[in-house]
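K.L.:
sequence and predicted structure, then a few things I'm wondering about:
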Amino acid sequence: MENRYACAPEHVAGMRTAELRERFLVENLFTDGEVNFTYSHHDRVILAGAVPAEGAQLELPTPEALHAEHLFDNREAGIINIGADAEVTVDGQTYTVAHKGLLYVGRGTRSVTFSAPGRFYLYSAPAHTEYPTTLVGPDEGNVLELGEQETSNKRTLRQLLFNGDVKSCQVMMGVTTLAPGSMWNTMPAHTHDRRMEAYLYFDVADEARVIHLMGEPSETRHLVVANEQAVISPSWSVHSGVGTKAYSFIWAMAGENQKFDDMDPAPVTSME
């Protein structure tokens, strides 16, 4: 499991491109036949990618660095499938997770096994109580149509794990898909000092990239992000981006509260 330590904004202001990427960009989450973990000390979240090989199942291991018998002894997670519809088995119960669907796995779970042809992204945070495993389809939850074509940010936002029918301790998670011809996400930008967030960009064409904006609103930096790469966004940082083509991304949050609209706006005219 790769470690990413927390950074204060005054440290980030002086970082060069290579160090920014080393600290905040997760480039290699998805490897055939493996589970890859990245541990962020921002709210102690874990990002993981699981890609079962064709004809084989892939068991979710417990990283030794957690010093726990099971990954979910003290944690919960949302798992979103960015591959074809596939099965996930949780403590002997099998669920079919659709493309862009979500499976919530609660504290106390003992075993999770993935099946091909799925391509699974996991976002985990510490949990203080147990909630049941719950399957959410890609068009269930709260679906919002946002933005305008004339501002290049027409998009569909799906709140799949969001303080509603699916209970969680602190993880919130969903999928945003930009319409063809739209490229901007989360602009006007914002911060939310009560929780951190991570973005996984996917459906990014091989020849395309997303320019992800980060940093304090008055001291922005950027990361150039390719397909199936993730960005760790501290609570004090904006998290916005523009692509060279339309794309999708998974947003996932953990921290002080679960109020989706608890944001501190950063108008574009105030950013530097």
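P.N.:
Cool, the structure landed. Residues are numbered from 1 along each chain as shown.

K.L.:
surely residue 105 touches residue 79?
P.N.:
Yes: taking contact to mean CB atoms under 8 Å, the distance of 6.4 Å between residue 105 and residue 79 places them in contact. No exception for glycine: its C-beta is placed from N, CA and C like everyone else's.

K.L.:
residues shared between the contacts of the two?
P.N.:
When CB atoms under 8 Å, 6 or more residues apart in numbering defines a contact, the residues bordering residue 105 and residue 79 alike are residue 112.

K.L.:
biggest helix in this protein, by residue count?
P.N.:
Within the chain, and with DSSP state H defining each element, the longest helix by residue count is helix 17-24.

K.L.:
how far off centre is it?
P.N.:
Relative to the centre of its chain, helix 17-24 is centred 18 Å away, using CA atoms, centre = their mean, to the nearest Å.

K.L.:
buried set for that helix?
P.N.:
Of the residues in helix 17-24, those scored as buried under the neighbour-count criterion (16 or more other CB atoms under 10 Å) are 20, 21, 23, 24.

K.L.:
quickly run through the sheet partners of the following helix or strand past it, with directions.
P.N.:
The element immediately downstream of helix 17-24 (helix or strand, assigned by DSSP states H and E) is strand 25-26. Strand 25-26 pairs in its sheet with strand 229-233 (antiparallel), by DSSP bridges.

K.L.:
let me know the angle separating the strand it pairs with from helix 17-24.
P.N.:
Using axes from the mean of the first three to the mean of the last three CA atoms, to 10 degrees, the interaxial angle of strand 229-233 with respect to helix 17-24 works out to 80 degrees.

K.L.:
what about strand 229-233, average pLDDT?
P.N.:
Averaging pLDDT along strand 229-233 yields 98.

K.L.:
repeat that for stretch 102-121.
P.N.:
Averaging pLDDT along stretch 102-121 gives 98.
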